[in-house]
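S.K.: what follows is a predicted structure for the sequence shown.
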Amino acid sequence: MSYSALTKGLEWNLKINGQESKHLIDKAKSTFDTYWLNNDFEEYDSTKSEQLKNALASAKYGSSSIVPDNIIPDFEIKAYPFQKEILEKLEYERNELQNNKNLLVAATGTGKTVIAA
């Protein structure tokens, strides 16, 4: 994760017709797969918080060993009921069906970033 990913995210907004623009759907899927398999991205969990904090400080401040305490904002992520429903479906896909590559498609303003977090 980078500072940009935490503050700006990596999010697409795309509206296409599957019948008329299959090539665009294929391109979006291909790009998603490329990101998914890219070693620059790694799965994050709370055991990696110090590693993330140091990587963000290094990217922002150089190789300095002084890491500001506020480099990672302290905030609570709370999903709305419709987001919880999506998260439950994702959990089912991942845990029950073993489908670990999932593409979230949702309208602008519906909280894709919260769902991803």
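M.R.: Received it, and whenever you're ready, just let me know what you need. Numbers count the residues shown, from 1 in each chain.
S.K.: alpha carbons only for contacts and neighbour counts from here, please
M.R.: Fine.
S.K.: which residues does stretch 25-37 contact?
M.R.: Under the contact criterion C-alpha atoms under 8 Å, 6 or more residues apart in numbering, stretch 25-37 has outside partners I16, G18, F41, K101, L103.
S.K.: what helix or strand is E93 located in?
M.R.: Element membership of E93, judged by DSSP states H and E, is helix 81-95.
S.K.: gap between stretch 37-51 and the chain center?
M.R.: 11 Å (C-alpha atoms, centre = their mean, to the nearest Å).
S.K.: how long is it from one end to the other?
M.R.: Taking C-alpha to C-alpha, to the nearest Å, the first and last residues of stretch 37-51 lie 21 Å apart.
S.K.: in it, what's buried?
M.R.: Within stretch 37-51, no residue is scored as buried using 16 or more other C-alpha atoms under 10 Å.
S.K.: for this protein, what spans make up the helices?
M.R.: Taking DSSP state H as the criterion, the chain contains helices spanning 3-7, 22-37, 49-61, 81-95, 112-116.
S.K.: show the pLDDT at the residue in the chain sticking out farthest from the centre.
M.R.: Centroid-distance maximum for the chain: E20 at 28.5 Å, with C-alpha atoms, centre = their mean. Looking at E20, its pLDDT reads 80.
S.K.: quick check: closest non-adjacent residue to K78.
M.R.: Leaving aside its chain neighbours, K78 sits nearest to V114 (7.7 Å; criterion: C-alpha to C-alpha, 6 or more residues apart in numbering).
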